[in-house]
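>>> Quick one: sequence and predicted model below, then my questions.
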Number of protein chains: 2
Amino acid sequence: MPNPTAAMLVIGDEILSGRTRDSNMHHLAGMLTRHGIEFREARFVADDHDMIVAALNALRGAHDHVFTSGGIGPTHDDITADAVAAAFGVNIGVRDDARALLAARYEQTGGELNEARLRMARIPDGATLIENPISAAPGFILGNVHVMAGVPAIFEAMVASVLPALTGGAPLLSQSLRINRGEGDIAGPLRQLAQDYPDLSFGSYPFVRDGIHGAEIVVRGQDKARVDAATLTLARLFPEATA
Amino acid sequence: MPNPTAAMLVIGDEILSGRTRDSNMHHLAGMLTRHGIEFREARFVADDHDMIVAALNALRGAHDHVFTSGGIGPTHDDITADAVAAAFGVNIGVRDDARALLAARYEQTGGELNEARLRMARIPDGATLIENPISAAPGFILGNVHVMAGVPAIFEAMVASVLPALTGGAPLLSQSLRINRGEGDIAGPLRQLAQDYPDLSFGSYPFVRDGIHGAEIVVRGQDKARVDAATLTLARLFPEATA
């Protein structure tokens, strides 16, 4: 049975302007791979209602799970929750349980639960809350879409809390070999190997280091014995390869 | 006149598996912003012909310029050039000038221009080559799509060679203020400011550092005097703000 598939939608002008370097996609990629969910596609869009709605509807139709990052804070450019509601065609409003989480938080810290902060309690109808152990403002799950914060520490905490509930497949195992030869010398034997092991995937990732052209070859699959056998064959073809 | 818009398509399983952390999007984002081209959207897809074709056709129809990264090497998983040809509905084959670039290179380095390496001379009909000063294998431009290598050093060299030929708009100027207060305290005044300066954009990027919640507010626009005036107003509203 093929593993479930996932996509990610990262929302925010700050990444596309070059101001901020995203780290959430890389984090999610590692977590999904370990959980046996195949990460097939990611999109980054600006803070634009129509673009968010279109991307959400494309991704949630094409994949088992969708994870979003960003745009759920209290400021005017935080428009993700409304876009998710629009994508699903449901209403959105302040919800009592979300408001209670925020009220408890600001009572503790002495902050004021003002109109802006109350925006973070606006949850689309039918959603389930995702806990935010760091700053209380919750994420939420609607259908197969997991809506999470953009601040990396909060995003990572939310991923940790939702992932165990998702059914994963067999984790994808991998072995890699580093070969200090141009990819063009490796490509022929590698193509043959890929034909001989159609159940595995073979990635070739070239690098240039200190003027030397080489490639890291990554063998991936769900069956450890097969991954090991293919890696061994490759190592025999290129005796200079190192793990 | 609005600035031209751009999108990026990053192709490769290695990023979605969490093995490699992409750096090309962040590099391109900074370069486009400085060149006055608005970076609106990025997509990351697996090494999958149909996904690449669909993403390319969506992006090239929606934006003035599209930049791709990855999948133009000699190995079996390098399928970008064929996907671009399919997206445009044109033929692809080994082209003499591209072959000559590779032949000259391998004559110099003593490598063999074998069948795998010759794949890198396959160019869709009607394309213009992009120089690769590092390993010779060229990228290419077809219509509004710029097809470039995934290896960061080569990607960056190719961006540097194509960007000057593209008409940019006025560079987007920005000023930022760091405010050590929760976003919820800033959101109200910031929303008012965004209404008073509809020609500018106001981003709020929250952070948690040493247990302190704060936000960096970034004011962006094309008119320096307006950006400065809005930033000054914000600084007066929050005397604790630092540049």
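Cool, got the structure. Residues are numbered from 1 along each chain as shown, chains lettered A, B, ... in the order given.

>>> Got phi/psi on the residue nearest to A:R95 when sequence neighbours are not counted?
Closest residue to A:R95 apart from its sequence neighbours, by Cβ to Cβ, 6 or more residues apart in numbering or on different chains: A:I123 at 4.4 Å. Backbone N, C-alpha and C define where each C-beta goes, glycine included. Here is the backbone geometry of A:I123 (degrees, to the nearest 10): phi -130, psi 130.

>>> quick one: A:I123 and A:L129 touch, right?
Yes - counting by Cβ atoms under 8 Å, A:I123 touches A:L129, with 7.0 Å between them.

>>> more neighbours, the two?
Applying other Cβ atoms under 10 Å in any protein chain shown to A:I123 and A:L129 shows that A:I123 carries more neighbours, namely 25 against 15.

>>> outside of the one helix or strand A:R117 maps to, which residues touch it?
Element membership for A:R117 (DSSP states H and E) is helix A:115-118. Residues outside helix A:115-118 that contact it (Cβ atoms under 8 Å, 6 or more residues apart in numbering or on different chains): A:74-75, A:94, A:99, A:102, A:106, A:111, A:137, B:182-188, B:191.

>>> which stretches of chain A form helices?
With DSSP state H, the ranges of helices along chain A come out as A:13-16, A:24-35, A:49-62, A:80-88, A:96-109, A:115-118, A:152-162, A:183-196, A:224-237.

>>> want to throw those into CSV with mean pLDDT?
Shown next, in CSV, are those (pLDDT from 0 to 100):
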stretch, mean pLDDT
helix A:13-16, 91
helix A:24-35, 95
helix A:49-62, 98
helix A:80-88, 98
helix A:96-109, 94
helix A:115-118, 94
helix A:152-162, 95
helix A:183-196, 94
helix A:224-237, 95
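
>>> highest average neighbour count across these?
Highest mean neighbour count of those: helix A:13-16, a mean of 24 (counted as mean count of other Cβ atoms under 10 Å in any protein chain shown).

>>> any bit of that helix sitting next to chain B?
Yes - with Cβ under 8 Å from any Cβ of the partner chain as the criterion, chain B is reached by helix A:13-16 at A:13-16.

>>> which ones are touching the closest residue in space to A:L129 that isn't next to it in sequence?
In space, A:L129 comes closest to A:P138 once its chain neighbours are excluded; the distance is 4.3 Å by Cβ to Cβ, 6+ apart. Residues in contact with A:P138 (Cβ under 8 Å, 6+ apart) are A:98, A:101, A:120, A:123, A:129-132.

>>> any idea which of the residues you listed is closest to B:A215?
A:M120 (13.8 Å; Cβ to Cβ).

>>> Help me confirm that the closest one comes into contact with A:L102.
Yes - A:M120 lies in contact with A:L102 (Cβ under 8 Å); the separation is 6.2 Å.

>>> any shared contact partners between the two?
Counting by Cβ under 8 Å, 6+ apart, the residues touching both A:M120 and A:L102 are A:A137.

>>> how much space between the residue nearest the centre of chain A and A:G36?
Per Cα atoms, centre = their mean, the C-alpha nearest to the average position across chain A is that of A:L28, at 3.6 Å. Distance from A:L28 to A:G36, counting by Cβ to Cβ, to the nearest Å: 14 Å.

>>> Show me how the record splits chain A into domains.
Using automatic domain parsing, the domain parsing of chain A gives A:5-165, A:174-237.

>>> From one end of the last one to the other, what's the distance?
This points to domain A:174-237. Counting by Cα to Cα, to the nearest Å, you get 19 Å between the two ends of domain A:174-237.

>>> Next, see if it gets close to chain B.
Yes - Domain A:174-237 lies within reach of chain B by Cβ under 8 Å from any Cβ, at A:174, A:182-188, A:190-191, A:194, A:201-208, A:213, A:215, A:218, A:220.

>>> Report the distance from that domain to the chain centre.
25 Å (Cα atoms, centre = their mean, to the nearest Å).

>>> swap in stretch A:150-165?
Counting by Cα atoms, centre = their mean, stretch A:150-165 comes out at 10 Å from the chain centroid.

>>> still on that earlier bit, reformat the helices of chain A as CSV; add distance to A:P4.
Below are those laid out as CSV (distance: least, Cβ to Cβ, whole Å):
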stretch, distance to A:P4
helix A:13-16, 26
helix A:24-35, 9
helix A:49-62, 12
helix A:80-88, 20
helix A:96-109, 28
helix A:115-118, 36
helix A:152-162, 14
helix A:183-196, 24
helix A:224-237, 21
